[in-house]
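In: I'd like to go over a predicted model; first the sequence, then the structure.
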Amino acid sequence: MIDKRVSSLAEAVSGVKDGATVLLAGFGSVGEPVELIEALHDTGVRDLVVVANNAGLGDTGLARLIGSGRVRKIICSFPRTADPHCFDAAYRAGKLELELVPQGTLSERIRAGGAGIAAFYTRVSAGTEVANGKEVRQFAGQPHVLEEAIRGDLALIRAETGDRWGNLTYRLSARNFNPVMAMAADLTVAQVSQFVELGSIDPDHVHTPGIFVDRIVAVPRSHSA
Amino acid sequence: MIDKRVSSLAEAVSGVKDGATVLLAGFGSVGEPVELIEALHDTGVRDLVVVANNAGLGDTGLARLIGSGRVRKIICSFPRTADPHCFDAAYRAGKLELELVPQGTLSERIRAGGAGIAAFYTRVSAGTEVANGKEVRQFAGQPHVLEEAIRGDLALIRAETGDRWGNLTYRLSARNFNPVMAMAADLTVAQVSQFVELGSIDPDHVHTPGIFVDRIVAVPRSHSA
Amino acid sequence: MISLTRRQIAWRAAQDLPDGAYVNLGIGLPTLVSNFVPADREVVFHAENGVLGQGPAPAPGEEDPDLINAGRGFITLVRGGAIVHHNDAFVIIRGGHLDCTLLGAFQVSALGDLANWATDDPTFPPGLGGAMDLAVGAKEVRVLLEHTTKDGRPRLVERCTYPLTAARCVKRIYTNLAVLDVTDGGFMAREMVPGLSREALQAKTGAPIAFAADCGLLKAPALD
Amino acid sequence: MISLTRRQIAWRAAQDLPDGAYVNLGIGLPTLVSNFVPADREVVFHAENGVLGQGPAPAPGEEDPDLINAGRGFITLVRGGAIVHHNDAFVIIRGGHLDCTLLGAFQVSALGDLANWATDDPTFPPGLGGAMDLAVGAKEVRVLLEHTTKDGRPRLVERCTYPLTAARCVKRIYTNLAVLDVTDGGFMAREMVPGLSREALQAKTGAPIAFAADCGLLKAPALD
């Protein structure tokens, strides 16, 4: 019997090693698995490479990981948020390496990691300093930049409902990076607002099939930041 | 006001030029837009390059296009079906060029065409005769084949429901190649089993958003092959 | 001379969006554009986080915590709206499916080069977001910006001094003083605010401006 | 010597699928495997056309016209089943998300090379389907096939004479006569049908076979 449900956040994030590459979903705080990130913080893991769209807001979630000095490098598209003071402090102190990637290229590199594509050519960033040092090649007379796949040792994602097989649904724009990051890690852990019975999600409405999910933990909305 | 609905199959496929590259969705006959393909046949258009998973079954749809000598070249993964006599006859007579592509690579090349990715590297087909003449490059110590994007001048697809903006839903395994082909053509035409009111499809359950669809025509199931 | 307000710049840009257009609005000034689309047109607004059919801001207290746009503002969905995941949102951008994107900018060059993600301020961490993807992927790139910086330096320049977002991508520019196209010959003014002389506009611009034969008046209604 | 039937070969392969495995079944002989998974295990069957959780064939008259597998047979969905589009079905394959694929084959070499898409018959149009994707992408590739061709030639060979599907991918082989692993040293027999001598198995095989120290009997229940 397949049952990917675990009963605690600590169990959900157990076994992650120092130095891991961690994909953190969400766009701003919407769709961000903030309780899982806090639980990861509480394991004491360090020297992380984080892949996320942003670089944390306020003092919770990713901001807390950065503020506690657990993140060695962040690969993101937009570190400027409403309140990025943890990122700013670490970045200015030279304690945090930043790899800035165009948002669509970031998403596509993660998808490539999940899809068994080693690398791809895109026009995005050609002719800009972001492409410095990258291979550029002409297709249809236009310069294209070679971008390589990103995979995570761990992905932390957040969904609305999930069943014991790990089938997930998302709500509105909380979907964002969650489906693509779910595909691209050796260990994918989802927090869901509620568990639902196996078979209660219409097969046509499953957003992330359970094959991409390894562990699932319930964090009711009322308890969520 | 956006209204992509047209009232006849003939109008749905109007304006296609000889020599066009045409993406035809479906897997076998499931999800195949057979009435649209027949309507395309009836326009008299010829010298087509067809991109499809199969090469036609029996005497309808793609098989009829091939049987009438309208197809110059087919790019597909699996021309062997239960009854491929139109394909067999044209292929053996040397009247039909065949480019055989692994099924996932076919799908990925079409996706690349829709996604603004010029080319990608995949391990699939490396070391086989299918990779003959293609660039091979090592990533992580493994040979990868460079595959280029495919785009269509026209895509013919089939869905279950559609609204006037062209938002579509599919049913079960009739989804197959439809979403990816819908993204990858200059003109995407959908036949749907039924029109539904704008706003009646839950935004979380839209499978193909209308931005990918140009024309939509209703072909009720009872009239469909 | 009557300089347009930010809302008036947005109003003017909105008038050029045709019925049925799929449009992405960049963060900042462009987000205002959705308020001014003529009532008889259906324009579908796309956001990088997977929203198609962004509607007006919700009434206070009616916000849905799961429904925001790329600028993290709460939004509503219009009838016919749809949600896709982030990757498909950028398939839409990079794959050429957007008719238009309206972006903010620090600088635009006479070649249509766009600089809108980093300045020369080393204490200001740069943020790419989806700007590079949009500048390359949308069928047409239009820019909304103040004609000059706060201290009066031109933002329309011969050559961008800030890092590029993309080269040769901008086709039309809406400022508080003028509407300009970027042509093979450089900037061409299409409309200018009443009371502004050609010489005065040129003096505020860092590259030569041509003037369209039918160069007209840039006017916008009074807006709150 | 008791040669296994096709259904018995499928039964034997099914016994090796662990609880919770995600498995793709190739067309032909492998499709029979889903009938023989032990009742106390949940194995999720994936099909190239986007089905996850393929269940048994429907009762006659109960077929859903929109629900087929990669071999175009009508199927049912189990509780917990999900549909993805074709591209995501191959993301699953190529991205290494399948624990195992069970494929048919024309030939398998002692290096684990697989040939299952084309023969040397020029009147037989070749068909790739998803075989190359599966052979490269699944975490483990296992093959089900008759030990020899109808006219008695070996299908397990030193080197494939038919075009390759993928090199060095096959790890385990189920035939009507034996279960073999492909090791660094070539074929290694794990089980053999009762009454078959090592010499007789070797004589039907086109490359040297080693025999596992614990090489046992290959047995399957009588099946209709």
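Out: Yes, it's here.
In: What residues does chain C have near chain B?
Out: The interface of chain C toward chain B, taken as C-beta under 8 Å from any C-beta of the partner chain, is made up of C:19-20, C:22, C:40, C:42, C:44, C:46, C:52-53, C:77, C:79-84, C:90-98, C:136-137. (Glycine included, C-beta is placed from N, CA and C.)
In: Could I get the full set of strands for chain A?
Out: When secondary structure is read from DSSP state E, chain A shows strands at A:21-24, A:48-51, A:71-76, A:97-100, A:117-122, A:136-139, A:142-148, A:152-162, A:168-169, A:185-195, A:215-218.
In: will you turn the ones you listed into TSV that also has mean pLDDT?
Out: What follows is the strands of chain A, written out as TSV (pLDDT from 0 to 100):
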stretch	mean pLDDT
strand A:21-24	98
strand A:48-51	98
strand A:71-76	97
strand A:97-100	95
strand A:117-122	98
strand A:136-139	98
strand A:142-148	98
strand A:152-162	98
strand A:168-169	98
strand A:185-195	98
strand A:215-218	98
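In: Which among these is found nearest to chain D?
Out: With C-beta to the nearest C-beta as the criterion, chain D lies closest to strand A:117-122 of these, at 7.5 Å.
In: sorry, back to before: save the strands of chain A as JSON lines, and put in distance to residue C:58 and mean neighbour count too.
Out: Formatted as JSON lines, the strands of chain A follow (distance: least, C-beta to C-beta, whole Å; neighbours: other C-beta atoms under 10 Å in any protein chain shown):
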{"stretch": "strand A:21-24", "distance to residue C:58": "27", "mean neighbour count": "26"}
{"stretch": "strand A:48-51", "distance to residue C:58": "32", "mean neighbour count": "24"}
{"stretch": "strand A:71-76", "distance to residue C:58": "28", "mean neighbour count": "21"}
{"stretch": "strand A:97-100", "distance to residue C:58": "32", "mean neighbour count": "15"}
{"stretch": "strand A:117-122", "distance to residue C:58": "35", "mean neighbour count": "25"}
{"stretch": "strand A:136-139", "distance to residue C:58": "43", "mean neighbour count": "13"}
{"stretch": "strand A:142-148", "distance to residue C:58": "37", "mean neighbour count": "18"}
{"stretch": "strand A:152-162", "distance to residue C:58": "19", "mean neighbour count": "26"}
{"stretch": "strand A:168-169", "distance to residue C:58": "23", "mean neighbour count": "25"}
{"stretch": "strand A:185-195", "distance to residue C:58": "21", "mean neighbour count": "22"}
{"stretch": "strand A:215-218", "distance to residue C:58": "28", "mean neighbour count": "22"}
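In: Which of those strands sits closest to chain C?
Out: Taking C-beta to the nearest C-beta, strand A:97-100 is the member of the strands of chain A nearest to chain C, at 5.5 Å.
In: Now do the closest one: distance to the chain's middle.
Out: Averaging C-alpha positions (C-alpha atoms, centre = their mean, to the nearest Å) puts strand A:97-100 15 Å from its chain's average.
In: The lowest-mean-pLDDT helix or strand in chain A vs strand A:71-76, what angle?
Out: One helix or strand of chain A scores below all others by mean pLDDT, DSSP states H and E: helix A:85-92, with a mean of 90. Calculated by axes from the mean of the first three to the mean of the last three C-alpha atoms, to 10 degrees, helix A:85-92 forms an angle of 110 degrees with strand A:71-76.
In: For residue A:184, report the pLDDT, please.
Out: Here the pLDDT value assigned to residue A:184 is 98.
In: tell me the contacts of it?
Out: Going by C-beta atoms under 8 Å, 6 or more residues apart in numbering or on different chains, residue A:184 touches A:23, A:110, A:111, A:113, A:114, A:150, A:151, A:152, A:155, D:95.
In: what's around residue 196, how many residues?
Out: Looking at chain A here, since you left the chain open. By other C-beta atoms under 10 Å in any protein chain shown, 15 other residues sit near residue A:196.
In: that answer is for a different chain, and I need it for chain C
Out: Residue C:196, neighbours per other C-beta under 10 Å, totals 19.
In: Next up, the contacts around it.
Out: With C-beta under 8 Å, 6+ apart as the criterion, the residues that contact residue C:196 are C:1, C:177, C:178.
In: Please apply the same query to residue A:114.
Out: Residues near residue A:114 by C-beta under 8 Å, 6+ apart: A:151, A:180, A:182, A:183, A:184, A:212, D:91, D:95.
In: Pick the one among these closest to chain C.
Out: Among the contacts of residue A:114, residue A:180 lies closest to chain C (C-beta to the nearest C-beta), at 4.5 Å.
In: Confirm for me that residue A:41 is in contact with residue A:63.
Out: No: the criterion here is C-beta atoms under 8 Å, and residue A:41 misses it with residue A:63 at 10.3 Å.
In: Those two - which one has more neighbours?
Out: Taking neighbours as other C-beta under 10 Å, residue A:41 and residue A:63 compare with residue A:63 leading, 23 against 20.
In: Can you tell me, leaving aside adjacent residues, what's nearest to the more buried one?
Out: Nearest residue to residue A:63 in three dimensions, chain neighbours excluded: residue A:56, at 3.1 Å (C-beta to C-beta, 6 or more residues apart in numbering or on different chains).
In: And for residue C:161?
Out: Distance criterion C-beta to C-beta, 6+ apart; nearest residue to residue C:161, sequence neighbours excluded, is residue C:107 at 6.9 Å.
In: Does residue C:180 belong to a helix, a strand or coil?
Out: strand (DSSP: H, G, I helix; E, B strand; the rest coil).
In: still on that earlier bit, among the contacts of residue C:196, which ones are buried?
Out: Among the contacts of residue C:196, those classed as buried by 16 or more other C-beta atoms under 10 Å in any protein chain shown are C:177, C:178.
In: now the contacts of residue A:184 in a markdown table, with distance to residue B:4?
Out: Listed next are the contacts of residue A:184 as a markdown table, based on distance: C-beta to C-beta, whole Å:
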| residue | distance to residue B:4 |
| --- | --- |
| A:23 | 37 |
| A:110 | 32 |
| A:111 | 28 |
| A:113 | 36 |
| A:114 | 32 |
| A:150 | 37 |
| A:151 | 39 |
| A:152 | 39 |
| A:155 | 37 |
| D:95 | 34 |
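In: can you map out the helices along chain C?
Out: Ranges of helices within chain C are C:6-15, C:86-94, C:131-137, C:198-203, based on DSSP state H.
In: Can you say which of those helices is nearest to chain D?
Out: With C-beta to the nearest C-beta, the closest approach to chain D among the helices of chain C belongs to helix C:86-94: 10.6 Å.
In: could I get the closest one in CSV with only the CA atoms?
Out: Output of helix C:86-94 as CSV, limited to C-alpha atoms (Å, rounded to 0.1, in the frame of the first residue of the first chain):
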residue,chain,number,x,y,z
HIS,C,86,4.8,29.2,-13.6
ASN,C,87,6.5,27.2,-16.3
ASP,C,88,3.5,27.5,-18.7
ALA,C,89,3.2,31.2,-17.8
PHE,C,90,6.7,31.6,-19.3
VAL,C,91,5.9,29.2,-22.2
ILE,C,92,3.3,31.9,-23.0
ILE,C,93,5.9,34.7,-22.7
ARG,C,94,8.9,33.1,-24.4
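In: do that helix and chain A meet?
Out: Yes: remark: helix C:86-94 sits within contact range of chain A at C:86, C:87, C:90, C:93, C:94, by C-beta under 8 Å from any C-beta.
In: from the residues you listed, which would you call buried?
Out: Buried among the residues of helix C:86-94 next to chain A (16+ other C-beta under 10 Å): C:86, C:87, C:90, C:93, C:94.
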